[in-house]
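Participant: Return atomic coordinates for the entry below.
(one chain, ligands or ions: 1)
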Amino acid sequence: MSPIVSLNTLISLDIRTLAKSRLLIDGKKFKISWSRNSLVVKRMELFAQNNGLFVRGLDEGDHPFGRGSESGFLGITYTDCFFGGSRPWFRCPVEDCSRKAAILYYADRLVCRHCVRGFFPSQRANKYERLVDRLNHLKARIGLAPTDDLALARKPKGMHTSSFFELKSEASRLEERCLEVWCRSYDALSNNG
Ligand SMILES: [Zn+2]
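Facilitator: Purely as a prediction, here's the structure:
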């Protein structure tokens, strides 16, 4: 079964990147912003304290995605490495989940890959999935893996330049559509409760 949500198109937070940049140390305060097609889609402020991160969504985004002012706490746990030292993991903040995760995904708050799917009403999920399938198909035609950024696309050998740019801009439009459908899923969810 193919995944309902293509995780690479979502806003995500990788704890390994944060650890590498030494941002998990108590007292560190920093902001992260995510953008697509040079549009800021989400901004968050994070504060490392008490073996975790306090997260606050900022209303500065240019995109409907950016308007949330949600806040929460992400617990961090450590496991020992075979060669010494330890590595950090997020604890999924969804109550009956608490899975260890290296990457969290944004679905009105940051959750693990298992939980992110639960945030989609299935009808919208199907629509989203179809869009993502089309997007991934277009990406493949211009030599990209689903996880690759569109900006990395290079014209494949033998393809006309004009065809290449057409495919690339079509993929870019689809990416925006995916975000729209995703945003509307939030609206539907928040209106329901
Ligand atoms: Zn979870």
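
Participant: all contacts plus neighbour counts: C-alpha atoms, from now on.
Facilitator: OK.

Participant: And the helices in this protein, which stretches?
Facilitator: 15-20, 113-116, 122-141, 161-192 (DSSP state H).

Participant: Compute the number of surrounding residues for residue 73.
Facilitator: Residues contacting residue 73 under the criterion other CA atoms under 10 Å number 18.

Participant: so how far is residue 53 from it?
Facilitator: Residue 73 sits 6 Å away from residue 53, going by CA to CA, to the nearest Å.

Participant: coming back round to it: for the helices of the chain, which one sits closest to the ion?
Facilitator: Smallest distance to the ion across the helices of the chain (CA to the ion): 4.3 Å, for helix 113-116.

Participant: So is the closest one next to the ion?
Facilitator: Yes - judged by CA under 5 Å from the ion, helix 113-116 and the ion are in contact via residue 115.

Participant: Identify all residues paired with residue 111 through a beta bridge.
Facilitator: Beta bridges link residue 111 to residue 105, judged by DSSP bridges.

Participant: wait, it sits on residue 99?
Facilitator: No - in this structure residue 111 lies outside contact range of residue 99 using CA atoms under 8 Å: 9.5 Å.

Participant: which neighbours do the two share?
Facilitator: residue 92 (CA atoms under 8 Å, 6 or more residues apart in numbering).

Participant: These two - which one has more neighbours?
Facilitator: More crowded of residue 111 and residue 99, by other CA under 10 Å: residue 111, with 27 against 18.

Participant: any idea how far residue 10 is from the more buried one?
Facilitator: Residue 111 is 11 Å from residue 10, where distance means CA to CA.

Participant: Would you mind listing what in the protein touches the ion?
Facilitator: 92, 97, 112, 115.

Participant: ok, the second one - how many residues close by?
Facilitator: If you count neighbours by other CA under 10 Å, residue 97 ends up with 13.

Participant: For it, give me the pLDDT.
Facilitator: Residue 97 is assigned 90 on the pLDDT scale.

Participant: Return the distance of it relative to residue 113.
Facilitator: Residue 97 sits 11 Å away from residue 113 when distances are taken as CA to CA.

Participant: picking that back up, least reliable of the helices of the chain by average pLDDT, please.
Facilitator: Mean pLDDT values for the helices of the chain show the minimum at helix 161-192, a mean of 76.

Participant: sorry, back to before: list only buried entries from the residues of the chain next to the ion.
Facilitator: Burial by neighbour count, judged by 16 or more other CA atoms under 10 Å, picks out 92, 112, 115 from the residues of the chain next to the ion.
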